[in-house]
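Trainee: Model the following, please.
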Amino acid sequence: MFPSDKEHTNSLGQQLARIEPGAFTMGVDSTPLPESIAGLPHRRFGDHDEQPVHTVHITQPFYMAAYPLRNAVYEQFEPDHAQLRGKLGFSRGDDEAVVFISWHDAVRFCDWLSEKEGLPYRLPTEAEWEYACRAGTTTPYHTGMTLHENFLKNQRRSWYPDPRRSGREDIVTLRTTQKRPNPWGLWAMHGLVEEWCLDWYGPYEEHEQEDPVGRASGEFRVTRGGSHSTELFYLRSANRMAALPDERSWLIGFRPVLGPMPATKPLPPPPLPMCLDNVQQERPPDIETAPPSDRPYYVRPQPFVRIPLRPYYAPPLPFVHIPPRSIEPIFAHHNHVPAITECPNGDLFACWYTCIQEPGRETTLAGSRRRYGEDEWEPASVFWDPPDRTTGSSLLWRDGDRIRHFIGLSAAATWGSIAVVMRTSDDSGATWSTPRYIVPEHGVRHMPIESAFRAQDGTMVLACDAVADGQGGTALWLSDDDGDTWHDAGGTIAGIHAGVTQLLDGRLLAFGRNANIDGMMPQSISNDMGRTWTYCASPFPPVRGSQRVVLKRLREGPLFFASFANELMSIKDATGSDRPIAGLYCAVSFDDGATWPIRRLVSDDGPGRLVETMDGRFCMMSKTTSERAGYLASCQGANGLIHLISSRLHHTFNLAWLSTPAPGL
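Mentor: Prediction:
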């Protein structure tokens with residue numbers, strides 16, 4: 001029989017509080033938040049996904065667990081979970097919140113308990129969770145404008161479990177009793193563990209609603225409440241987070257509710273972003289048509305990062321000038337770490353992360369498409385946006401007619417807790433497979449960068465940064481079953497952000513950033529598919545912060561390398577004279593990396609002119625100078641043209657242009 005008391009204790013000894021029907025305002029309005037909560041100016045009025053504000057009616061009573069589910073309770077359902085107690089140092093005790101629980105695990109627990117008791121247990125809807133958390137309040141927390149110190153558990157941006165940027169202070173107790181419950185008898189609603197909700201994540205709609213249940217489909221399941229090791233802004237009653245349903249981390253638990261499932265129909269999926277909309281599927285008949293291969297071809301650089309908030313030629317904007325009430329998830333301030341591919345339909349597709357601060361939870365993957373036959377890239381739109389999770393970096397790899405997208409996804413903020421996600425598209429990036437963890441554990445050696453390819457034996461090779469700071473190396477992840485399972489090769493390339501390729505004799509060659517040898521960029525060679533490496537100085541000058549190299553094999557056979565000269569380096573021009581250059585350059589090797597006879601400044605060789613680059617910076621492009629910063633990525637089209645992007649500009653040229661010395665001064 002469904003209970004009717006104010007409080008109910010179930011067969012597991014779990015206490016539940018009765019939540020009566022009522023109405024509340026869901027989301028946040030334009031009321032400014034205190035600076036101590038907001039942290040950064042763009043957060044002053046809440047997050048973009050907390051609007052539009054709308055009235056929600058909860059029409060039926062339900063019971064909610066008074067505490068996040070504890071280990072001792074959950075393990076009555078799943079005794080083997082005891083083996084995860086203390087993983088990474090968290091949640092050892094019977095009375096601590098259970099963590100390392102996926103959304104599917106939480107649903108299975110609720111189904112098991114429903115069958116055991118003959119009562120309808122389930123996860124709360126997102127609206128039920130916020131309604132119960134607020135408990136009639138309209139302030140950021142049910143306690144008012146601030147949280148008492150007893151609620152606070154390492155409330156900061158944590159790099160845990162990165163051993164080089166975190167410590168024992170990042171491990172906190174997860175006991176479920178705090179100073180006091182909210183007015184409706186619910187404990188630990190702010191900042192202990194995030195709590196799984198039933199809903200698929202999706203944007204709000206502004207109309208008045210009864211018992212909403214979220215979207216009909218999606219990629220992420222909602223979590224609420226924030227957690228330990230998280231900034232105060234993300235602990236507010238209105239704040240929305242979400243995670244892949246398979247996520248298991250030390251930050252997420254759950255609390256069940258007892259009550260019939262609302263009969264409300266879910267909302268339809270939201271409209272597609274521009275970069276995924278109206279994608280043509282036909283392969284153009286002239287897709288392989290190109291300028292004669294023996295004739296140099298170069299196109300003046302154009303911006304592929306076009307931010308709707310300002311024209312690309314506008315002067316740089318400091319982040320304080322971003323409209324503080326903007327609900328746009330794409331920022332004008334920092335757009336960086338790009339990836340590019342040519343789609344089977346001939347479109348060029350690029351993605352990158354957009355943010356205020358790189359380790360912040362606000363990072364979003366933006367995308368843009370240059371449709372086949374068009375001369376300009378479309379304005380940026382959202383490509384992939386795990387709510388309030390740092391997306392460390394990503395890469396696009398054209399594997400036959402399939403595009404693979406690899407993403408470094410954080411458990412929280414920063415890239416000290418990255419796991420690797422892969423999704424694929426078989427229709428030129430119009431639709432994507434369900435995101436899947438291929439490296440599910442969060443930690444270092446997991447940040448995808450520019451290099452991915454198939455080795456000569458069919459093994460898939462994925463390069464990932466091995467550290468979460470600038471000094472360290474690069475790891476390789478390998479799959480010999482077409483991407484189903486992956487393993488760490490074991491060795492470490494010298495330098496982060498390494499470009500990697502395979503030589504004709506089967507060895508691997510890599511160039512990285514930092515870890516310089518004799519003042520030159522480090523070169524790494526492996527004879528055993530990345531298990532071990534030998535190191536020496538390369539023939540190239542080193543790169544530094546805000547720079548990343550490209551290394552890959554062209555369709556014609558030579559090796560292609562792109563990098564930056566931060567100090568003057570010398571190249572030969574068409575007259576045979578030495579020309580000092582600085583900035584972005586390319587090199588070509590025709591003998592599998594033994595020598596690099598061609599080095600070419602990436603410039604139109606015209607009169608000096610200012611060109612905007614990453615984050616509104618300007619550089620002089622001329623016969624001797626080019627871009628000075630940017631993370632490079634490249635692909636080669638079906639017509640043989642090479643597409644090289646920095647963090648801002650798109651350069652197009654062919655091998656004949658690379659092989660032709662620049663005209664004399």
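
Trainee: Double-check that Asn150 belongs to a helix.
Mentor: Yes: Asn150 forms part of a helix when assessed by DSSP: H, G, I helix; E, B strand; the rest coil.

Trainee: My guess is it contacts Trp187. True?
Mentor: No: taking contacts as C-beta atoms under 8 Å, Asn150 lies outside contact range of Trp187: 11.4 Å. In short, each C-beta sits where N, CA and C put it, glycine included.

Trainee: quick one: which of these two has more around it?
Mentor: Using other C-beta atoms under 10 Å as the criterion, Asn150 and Trp187 rank with Trp187 on top: 19 against 10.

Trainee: any idea whether the more buried one is helix, strand or coil?
Mentor: Here Trp187 is coil, with the state taken from three-state DSSP.

Trainee: Can you give me every residue that contacts it?
Mentor: Applying C-beta atoms under 8 Å, 6 or more residues apart in numbering, one finds that Trp187 lies in contact with Ala66, Tyr67, Thr176, Thr177, Gln178, Pro181.

Trainee: could you redo the last one with a cut-off of 10 Å?
Mentor: Neighbour list for Trp187: 15, 17, 65-68, 176-181, 255 [criterion: C-beta atoms under 10 Å, 6 or more residues apart in numbering].

Trainee: Among the residues you listed, which one sits closest to Leu113?
Mentor: Ala65 (10.6 Å; C-beta to C-beta).

Trainee: Below-threshold pLDDT in the chain: ranges please.
Mentor: 41-42, 178, 306-328 (pLDDT under 70).

Trainee: what residues go with each domain of it?
Mentor: The chain resolves into domains spanning 7-258, 274-443+539-659 when parsed by automatic domain parsing.

Trainee: Run through the bridge partners of Pro303.
Mentor: Residues in a beta bridge with Pro303, per DSSP bridges, are Leu649.

Trainee: So it sits against Gly630, correct?
Mentor: No: contact criterion C-beta atoms under 10 Å: Pro303 and Gly630 do not qualify, at 11.8 Å.

Trainee: who has more neighbours, the two?
Mentor: Taking neighbours as other C-beta under 10 Å, Pro303 and Gly630 compare with Gly630 leading, 25 against 19.

Trainee: what's the closest non-adjacent residue to the more buried one?
Mentor: Ser646 (2.8 Å; C-beta to C-beta, 6 or more residues apart in numbering).

Trainee: Can you report how many residues lie near that neighbour?
Mentor: Residues contacting Ser646 under the criterion other C-beta under 10 Å number 29.

Trainee: try the one 10 residues further on
Mentor: Taking other C-beta under 10 Å as the neighbour definition, Ala656 ends up with a count of 17.

Trainee: Spell out the residue ranges of the helices in the stretch 101-250 of the chain.
Mentor: Assigned by DSSP state H, counting those that start in this stretch, the stretch 101-250 of the chain shows helices spanning 103-117, 126-134.

Trainee: can you redo those as CSV with distance to Gly392 and mean neighbour count?
Mentor: CSV is the format used below for the helices of the stretch 101-250 of the chain (distance: least, C-beta to C-beta, whole Å; neighbours: other C-beta atoms under 10 Å):
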stretch, distance to Gly392, mean neighbour count
helix 103-117, 22, 17
helix 126-134, 26, 25
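
Trainee: Residues in a beta bridge with Gln209, which ones?
Mentor: Beta-bridge partners of Gln209, as defined by DSSP bridges: Val56.

Trainee: That one: what's it in contact with?
Mentor: Per C-beta under 10 Å, 6+ apart, neighbours of Gln209: Met26, His54, Thr55, Val56, His57, Ala127, Thr264, Leu267.

Trainee: Now a ChimeraX select for only the buried ones of those residues.
Mentor: Filtering those down to the buried ones (16 or more other C-beta atoms under 10 Å) takes a single ChimeraX command:
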select :26,54,56,127,267
